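Asks: have a look at this prediction, sequence included:
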Amino acid sequence: MPFDKLRALLKIIMYFVYLIQCGDGTFYTGVAMNVERRFLEHKAGKGARYTRARKVIKVLYTEKYASKSLALKREAQIKGWRREKKLNLIKFGKPVLSRPPRGLVLSLSK
C-alpha cells in the first residue's frame, strides 16, 4: 500500500526535513509530508527556485517530526550550518565537527 494511503487511513500526519544533493554539489534543505513526492517535484522543475536552477541528484538525509512547526525550526537550523556540519549530519546522523572549535583545549592525560 502506498505511504500516502496508509497515512490517510491511520490519520497520522508526519513532517520530514530532508537534504537533497544538487548537480553542482550543493545541498538543498526542505520540509515535506512526502519526501519521495517532493523530490520528484524538484526533479521535474516544480520545486523551489534553488532546485530549479540546479539538477537534483538524490535525497541524502531525512528526519521525521510530528509537527510542521518543529520541522520548520529544524530546517532553519540546518540551513544556517556550514557545509562540514551538514556532511557530518548526513554521514553520522549528528552534526559532529571533525576538528574542535577554536580555543578548545583537549586533555589527553590519564
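Replies: Alright, I've got the coordinates. Numbers count the residues shown, from 1 in each chain.

Asks: strands along this structure, start to end?
Replies: Here the chain has its strands, by DSSP state E, at 15-22, 27-32, 56-65.

Asks: now do the shortest one: everything it contacts.
Replies: It stands for strand 27-32. The contact list for strand 27-32, computed with C-beta atoms under 8 Å, 6 or more residues apart in numbering, reads 15-22, 38, 42, 47-48, 50-51, 54, 56, 60, 68, 71-72, 75, 78-79, 83, 86. Using the backbone N, CA and C atoms, a C-beta is placed for each residue, glycine as well.

Asks: that strand pairs with which strands?
Replies: strand 15-22 (antiparallel) (DSSP bridges).

Asks: cool, and the longest one?
Replies: According to DSSP bridges, the neighbouring strands of strand 56-65, each with its direction, are strand 15-22 (antiparallel).

Asks: just checking, what packs against the longest helix seen in the chain?
Replies: For the chain, the helix that runs over the most residues, judged by DSSP state H, is helix 68-79. Contacts defined by 3 or more C-beta pairs under 8 Å, 6 or more residues apart in numbering; DSSP states H and E place helix 68-79 against strand 15-22, strand 27-32, strand 56-65.

Asks: which one of those lies nearest to residue 90?
Replies: The closest of those to residue 90 is strand 56-65. By C-beta to C-beta, the value is 4.6 Å.

Asks: and that closest one, what's buried?
Replies: 56, 59-61, 63, 65 (16 or more other C-beta atoms under 10 Å).

Asks: list just the nearest of these to residue 93.
Replies: Distances from residue 93 to those, taken by C-beta to C-beta, are shortest for residue 61, at 8.2 Å.

Asks: ok, and what's touching the longest helix of the chain?
Replies: Contacts of helix 68-79 (C-beta under 8 Å, 6+ apart): 15-17, 19, 29-31, 63, 65, 86, 89.

Asks: relative to the whole chain's centre, how far out is that helix?
Replies: In terms of C-alpha atoms, centre = their mean, to the nearest Å, the centre of helix 68-79 is found 9 Å from the chain centre.
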